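>>> Quick one, structure for this:
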Amino acid sequence: MNLRDWARRIKRDAVTLWFACRDPATPWLPKALCWFTVAYALSPIDLIPDFIPVLGYLDDVLLLPVLIWLAVRLLPPEVIVRSRARAEEWMARTGSKPKSKAGMALVIGIWVLVAAGLAWWLWPR
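Numbering: from 1, shown residues only. Okay, here's the model as predicted:
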């Protein structure tokens with residue numbers, strides 16, 4: 001498997017998780033992990049911006065594939081089959097992945113919490 005195939009599978013599996021979140025047969029724990037992973041994967045904003053050397057791509061290369069792998073491992077096999085079929089159909093029809101406003105809100109929320117924590121920690125006492 002080459003790098004292009006691996007990247008294509010990661011993209012397909014992110015969309016697969018998007019459909020798995022909506023499947024009623026998905027148990028609550030995998031559903032929560034799928035929601036978090038999808039929100040982050042489909043967010044137009046990265047947790048670590050890509051313009052930061054090395055660290056900017058760390059979340060894309062390590063964090064996201066690990067979250068996707070874990071979520072897929074926790075899903076029931078029948079949910080994976082249905083969700084992958086829907087994801088492949090979606091990607092063939094639209095040619096792109098969906099966007100997540102919840103993911104954007106999640107990333108912005110994390111940045112706000114980090115900024116508030118830093119301000120509290122650095123505030124003179």
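>>> what's the closest non-adjacent residue to Leu64?
In this structure, Leu64 finds its nearest non-sequential neighbour in Ala41, 5.7 Å apart by Cβ to Cβ, 6 or more residues apart in numbering. The way it works is simple: take the backbone N, C-alpha and C, and place the C-beta from them, glycine included.
>>> burial of that neighbour, as a residue count?
For Ala41, the count of nearby residues is 25 (other Cβ atoms under 10 Å).
>>> doesn't Pro65 make contact with it?
No - in this structure Ala41 lies outside contact range of Pro65 using Cβ atoms under 8 Å: 9.9 Å.
>>> Just give the number of residues close to the closest residue to Leu33 other than its chain neighbours.
For Leu33, ignoring the flanking residues on the chain, the nearest one in space by Cβ to Cβ, 6+ apart is Ala71 at 4.7 Å. By other Cβ under 10 Å, the residues close to Ala71 number 27.
>>> From Ala20, how far out is Ala71?
8 Å (Cβ to Cβ, to the nearest Å).
>>> Could you tell me which residues touch both of these two?
Pro30, Cys34 (Cβ atoms under 8 Å, 6 or more residues apart in numbering).
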